[in-house]
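*Asks:* missing the sequence, but the structure's below:
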């Protein structure tokens, strides 16, 4: 019997309120791996997502039947995806076709006798199905209803006057049963969430999470993966549950802080590490350092698995000879990526006579500052801010991948760049760079610790000069060889071994 058939995996949680990041990509990749392995898995929203947030995760490939909305567990809804057409909604709300004043691919608009405006908004992912309905009065949003087979959620808005502007802000949210009755009410008070249950009991979000975990009815054959380590009010209920389900923490970031073996982010799960069955890192190097960190704390580490957070479907080969001067980088444009140092290094290499063309892919809060830096160096002719692009098409157009990131727990773009055979230059910082850069073989690791920005820039520039002026065929070949360990079949094998091992523990126990 396939032991995976009895395993259900719960993933906590899909994070809201932050810029899209590598954790989101890693979770979406895991979902696709579990699908291929035939593993039943759910990803949990512990907070109710906005329409834009939900659509973002749907764009990553999630399906409604793989999403668990914590608050809807208190209702009797079994279906959460949009299913009602505009005609269905007209009948449900008692609207007449004569009241319709506008129609488009995005939805329909109606004007009521009292002057209020009702707007149907279609789902981006379910053709002509109404995802939500907005109600306006005198141009102001008063109410939003989210629908599936029936009404799921109602948001009530209040008008807030700020800086001579009137803003519609969420004042109250209710979660409905199929008959329209209220199953759960959500109240925000001083940025803290409270919930009113049907028995009129008022509880905090952490107390709600305890009830949510009870409602999951976890079994000893289930596996729970936690992707967050700090400021998470589902951690304690999960650590305290006694269902027998196997519980583990996935590391997506650096766990040490200076000389301290663990940063504040990991304080809580490390303190209660004896309640965890396993931990997962994305590189062997972090797994080794994680074990050392526990030894420094005088603790026994849980079982640690190394499973990369991404994989390659195949190796990508260019259909024409690479141009050695073509260099690229791709990332969120935030401070920790230090794209400013990459720009300065390229400028210096150019001043040293290197023929270089540098493309920067991505968006972020540093965009305008980087644009000004390029202008300051009069480097517009050979340094280009490209914004977002389909990177699969871009890697094979380049010869060198340049990263100036000072923290990279894995580095999906590093994996993708070696999968396209690029040589890589980057700082010798853990954990991604030493994993994907074999110094002198497929690129160069620039010494980092204790060095000034200027020293880093000069060293990186020199490496670029060397690479761009030599035959890189061996470097490209070595990158392809390294990338084979990250082909999808290998990552499937690692997850399968993990699941089989955890399932075997369940059977033995």
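*Replies:* Looks like it came in fine. These numbers come from a predicted model, not from an experiment.
*Asks:* Next, report how far stretch 272-292 is displaced from the centre of its chain.
*Replies:* Offset of stretch 272-292 from its chain centre (CA atoms, centre = their mean, to the nearest Å): 21 Å.
*Asks:* Give me the residue ranges of the stretch 1-150 of the chain where confidence is low.
*Replies:* Counting by pLDDT under 70, the stretch 1-150 of the chain contains low-confidence ranges at 1-5.
*Asks:* now the spatially closest residue to residue 338 that is not a sequence neighbour: how far from residue 335?
*Replies:* Sequence neighbours aside, residue 404 is the residue nearest to residue 338 in space, at 4.2 Å (criterion: CB to CB, 6 or more residues apart in numbering). From N, CA and C alone the C-beta is placed, and that goes for glycine too. Per CB to CB, to the nearest Å, residue 404 is found 11 Å from residue 335.
*Asks:* who has more neighbours, those two?
*Replies:* residue 404 (25 against 12; other CB atoms under 10 Å).
*Asks:* Give me the packing partners of the longest helix along the chain, helices and strands only.
*Replies:* Scanning the chain for the helix with the most residues, using DSSP state H, yields helix 488-508. Packing contacts for helix 488-508, counted by 3 or more CB pairs under 8 Å, 6 or more residues apart in numbering; DSSP states H and E, involve helix 22-37, strand 246-250, strand 303-306.
*Asks:* Low-confidence ranges, the stretch 401-509 of the chain, go.
*Replies:* Residues of the stretch 401-509 of the chain that meet the cut-off, pLDDT under 70, sit at 505-509.
*Asks:* which stretches of the stretch 51-200 of the chain form helices?
*Replies:* For the stretch 51-200 of the chain, helices defined by DSSP state H, counting those that start in this stretch occupy the ranges 51-59, 86-93.
*Asks:* on that earlier part again, distance to residue 179 and mean neighbour count added to the helices and strands packed on helix 488-508, as a markdown table?
*Replies:* A markdown table is the format used below for the helices and strands packed on helix 488-508 (distance: least, CB to CB, whole Å; neighbours: other CB atoms under 10 Å):
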| stretch | distance to residue 179 | mean neighbour count |
| --- | --- | --- |
| helix 22-37 | 33 | 18 |
| strand 246-250 | 36 | 23 |
| strand 303-306 | 46 | 16 |
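*Asks:* Those into a markdown table, with extra columns for distance to residue 398?
*Replies:* Listed next are the helices and strands packed on helix 488-508 as a markdown table, based on distance: least, CB to CB, whole Å:
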| stretch | distance to residue 398 |
| --- | --- |
| helix 22-37 | 21 |
| strand 246-250 | 31 |
| strand 303-306 | 29 |
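*Asks:* Go through those and name the closest to residue 364.
*Replies:* helix 22-37 (12.8 Å; CB to CB).
*Asks:* So what touches the closest one?
*Replies:* The contact list for helix 22-37 (CB atoms under 8 Å, 6 or more residues apart in numbering) reads 4, 9, 11, 14-15, 41, 43, 56-57, 60-62, 66, 225, 227, 250, 252, 282, 309-311, 409-410, 412, 488, 491-492, 495-496, 499.
*Asks:* follow-up on the earlier one: kindly reformat the helices of the stretch 51-200 of the chain as CSV containing mean neighbour count.
*Replies:* Formatted as CSV, the helices of the stretch 51-200 of the chain follow (neighbours: other CB atoms under 10 Å):
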stretch, mean neighbour count
helix 51-59, 16
helix 86-93, 16
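*Asks:* out of these, nearest to residue 187?
*Replies:* Of all the helices of the stretch 51-200 of the chain, helix 51-59 sits nearest to residue 187, with 20.1 Å by CB to CB.
*Asks:* So which elements touch that closest one?
*Replies:* Helix 51-59 sits against helix 22-37, with contacts defined as 3+ CB pairs under 8 Å, 6+ apart.
*Asks:* Following element in sequence after the helix it packs on, please.
*Replies:* Using DSSP states H and E, the helix or strand that directly follows helix 22-37 along the chain is strand 40-45.
*Asks:* thought residue 395 was touching residue 417?
*Replies:* Yes - using CB atoms under 8 Å, residue 395 is in contact with residue 417, at 5.8 Å.
*Asks:* So for the two, which residue has more residues nearby?
*Replies:* Neighbours were counted for residue 395 and for residue 417 using other CB under 10 Å; residue 417 has more, 30 against 20.
*Asks:* neighbours of the closest residue to residue 222 other than its chain neighbours, just the number please.
*Replies:* Nearest in space to residue 222, with sequence neighbours left out and distances taken as CB to CB, 6+ apart, is residue 245 at 4.1 Å. Other residues within reach of residue 245, judged by other CB under 10 Å, total 22.
*Asks:* contacting residues for residue 245?
*Replies:* Residue 245 is in contact with 218, 219, 220, 221, 222, 223, 224, counting by CB under 8 Å, 6+ apart.
*Asks:* now do residue 343
*Replies:* Residue 343 neighbours (CB under 8 Å, 6+ apart): 358, 360, 370, 373, 374, 377, 379, 383.
*Asks:* Strands - which of the residues you listed land there?
*Replies:* Counting by DSSP state E, the contacts of residue 343 place 358, 360, 383 in strands.
*Asks:* Kindly reformat these as CSV and extend each row with pLDDT, neighbour count and distance to residue 429.
*Replies:* Putting the ones in strands among the contacts of residue 343 into CSV (pLDDT from 0 to 100; neighbours: other CB atoms under 10 Å; distance: CB to CB, whole Å) gives the following:
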residue, pLDDT, neighbour count, distance to residue 429
358, 98, 25, 21
360, 98, 25, 20
383, 98, 24, 23
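*Asks:* Can I get those in TSV including distance to residue 421?
*Replies:* What follows is those, written out as TSV (distance: CB to CB, whole Å):
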residue	distance to residue 421
358	19
360	20
383	23
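*Asks:* ok, of those, which one's closest to residue 206?
*Replies:* residue 360 (41.9 Å).
*Asks:* sorry, back to before: to residue 241, which of the helices of the stretch 51-200 of the chain lies closest?
*Replies:* helix 51-59 (25.3 Å).
*Asks:* angle of the closest one against helix 22-37?
*Replies:* Compare the direction of helix 51-59 with that of helix 22-37 by axes from the mean of the first three to the mean of the last three CA atoms, to 10 degrees and you get 40 degrees.
*Asks:* now residue 298: how far from residue 261?
*Replies:* 10 Å.
*Asks:* ok, those two, which is more surrounded?
*Replies:* Using other CB under 10 Å, the more surrounded residue of residue 298 and residue 261 is residue 261, with 19 against 6.
*Asks:* OK, contacts around the more buried one?
*Replies:* 292, 293, 294, 296, 297.
*Asks:* Just the buried subset of those, please.
*Replies:* Buried subset of the contacts of residue 261 (neighbour count, 16 or more other CB atoms under 10 Å): 293, 294.
*Asks:* Of the contacts of residue 261, which belong to helices?
*Replies:* Those of the contacts of residue 261 lying in helices (DSSP H): 292, 293, 294, 296.
*Asks:* Quick check: closest non-adjacent residue to the last one.
*Replies:* By the measure of CB to CB, 6+ apart, the closest residue to residue 296 outside its immediate chain neighbours is residue 261, 4.3 Å from it.
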